[in-house]
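Participant: predicted model and sequence below, questions to follow.
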Amino acid sequence: MIREIFSSIMGEGKYIGRRFIFVRFKKCPLNCIYCDEVSKGEGECRVETIPGTRNFEIYNEEEIENRLINVINSLRTPDLFAISFTGGEPLVYAEYIKEYSKILKEDGYKTYLESNGMYPERISFFDYASIDIKLPEHFEGMKDEDYKKLYKNELKTIEKLYNLGSDVFAKIIIMENTSVEFVENIAKDLSDIGNIMLCIQPVTPYGKVRRMPTQKKIFDIMSACGKYVDVMCTPQIHKLLGML
Ligand SMILES: C[S@@+](CC[C@H](N)C(=O)[O-])C[C@H]1O[C@@H](n2cnc3c(N)ncnc32)[C@H](O)[C@@H]1O
Ligand SMILES: Nc1nc2[nH]cc(C(=O)O)c2c(=O)[nH]1
Ligand code: SF4
Ligand SMILES: [Mg+2]
């Protein structure tokens, strides 16, 4: 279930620069062509020994899963902002996360969900939530009806979190061939839900994806979306800083 636990700077989304503890889960049913975490799906579970050192110890999963709170306490720093449940797709393990979020909240931690939004039926309250809205060009050969179903679920997930009172925002990874009009229509749908911040995240070249979108593409998309929602550009800064 758990792949790794470590302390770092939030490199993406509305809370870029804040200090987080990341709890990364393994599996994911999707296969975004740019995914920089999918290769970390299998194998052992690694836990950072001292926050921010990248020194890891390897554990067997059961050991860590039953001691998650102790591990998080051991990585707590005075600047800690929240605990991010990420992956892979964390809501593959929704029941486990729900149970541990309750204990973490009692211990004074804020929780943060980093999800692809495909499981609205598994949503519970998180203090913060970053929900990706995927684009057709993120997948090789996804059928149109499957994409439409995913998109509907992502909007439902955002709406559910918004109505639960979570500080929820949307994140869209844009690529060099991303259509301005397509993303503008997503911004319009988001504005129908409420005051949802939209983070436009230029893809970081990875795997088959060789290039970032141009500056013009970034600005055109942000201006088009700015007519409907608050927008910010959030490049993956942890990679620029050489951090995990
Ligand atoms: C690895 S995913 C895990 C959480 C969830 N499965 C999701 O997709 O939102 C975390 C975030 O990293 C982003 N990401 C992954 N690879 C990326 C890349 N090469 N460039 C920019 N963002 C990337 C995803 O779009 C997502 O916002
Ligand atoms: N520093 C840092 N920030 C992140 N924000 C989202 C991440 C993720 O992979 O979910 C991530 C990550 O992997 N590292
Ligand atoms: S949904 Fe998230 S974890 Fe799954 S492949 Fe896409 S970016 Fe990677
Ligand atoms: Mg990452």
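Facilitator: Here it is on my side, so go on. Ligands and ions are numbered 1, 2, ... in the order given.

Participant: once you drop chain neighbours, what's closest to the residue nearest to the spatial centre of the chain?
Facilitator: Taking Cα atoms, centre = their mean, the centroid of the chain lies closest to residue 114, which sits 3.0 Å from it. Leaving aside its chain neighbours, residue 114 sits nearest to residue 86 (3.8 Å; criterion: Cβ to Cβ, 6 or more residues apart in numbering). All C-beta spots, glycine's among them, are computed from the backbone N, C-alpha and C.

Participant: show me what contacts the one you found?
Facilitator: Going by Cβ atoms under 8 Å, 6 or more residues apart in numbering, residue 86 touches 22-25, 37, 114.

Participant: before we move on, the earlier item: hmm, the host helix or strand of the residue nearest to the centre of the chain in reach of ligand 2?
Facilitator: For residue 114, the element it lies in under DSSP states H and E is strand 111-115. Yes - for strand 111-115, a contact with ligand 2 is found by Cβ under 6 Å from any ligand atom, at residue 114.

Participant: any idea how far that strand is from the chain center?
Facilitator: 6 Å (Cα atoms, centre = their mean, to the nearest Å).

Participant: for that strand, packing partners?
Facilitator: strand 80-86, helix 94-106, strand 128-132 (3 or more Cβ pairs under 8 Å, 6 or more residues apart in numbering; DSSP states H and E).

Participant: and among these, the most buried is which?
Facilitator: Greatest average neighbour count among the helices and strands packed on strand 111-115 goes to strand 128-132 (a mean of 25), per mean count of other Cβ atoms under 10 Å.

Participant: and that strand, what other elements does it pack with?
Facilitator: strand 111-115, helix 144-164, strand 167-174.

Participant: okay, stretch 45-52 in CSV with CA atoms only?
Facilitator: Output of stretch 45-52 as CSV, limited to C-alpha atoms (Å, rounded to 0.1, in the frame of the first residue of the first chain):
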residue,chain,number,x,y,z
CYS,A,45,8.3,0.8,1.3
ARG,A,46,10.9,3.5,2.2
VAL,A,47,10.8,5.9,5.1
GLU,A,48,13.0,9.0,5.5
THR,A,49,14.9,8.7,8.8
ILE,A,50,15.6,12.5,9.4
PRO,A,51,13.3,15.1,7.7
GLY,A,52,14.7,16.5,4.5
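
Participant: what angle separates the helix or strand where residue 220 lies from strand 167-174?
Facilitator: Here residue 220, judged by DSSP H and E, is contained in helix 215-226. Counting by axes from the mean of the first three to the mean of the last three Cα atoms, to 10 degrees, helix 215-226 lies at 140 degrees to strand 167-174.

Participant: hmm, helix 215-226 touching ligand 1?
Facilitator: No - Helix 215-226 stays clear of ligand 1 (Cβ under 6 Å from any ligand atom), getting no nearer than 12.9 Å.

Participant: tell me which helix or strand in this protein has the weakest average pLDDT.
Facilitator: helix 61-65 (a mean of 87; mean pLDDT, DSSP states H and E).

Participant: distance between it and the chain's centre?
Facilitator: 23 Å.

Participant: so where is this structure shaky, pLDDT-wise?
Facilitator: Applying pLDDT under 70 to the chain flags the ranges 38-43.

Participant: enumerate the residues of it near ligand 3.
Facilitator: 28, 30-32, 35, 37-38, 87-89, 116.
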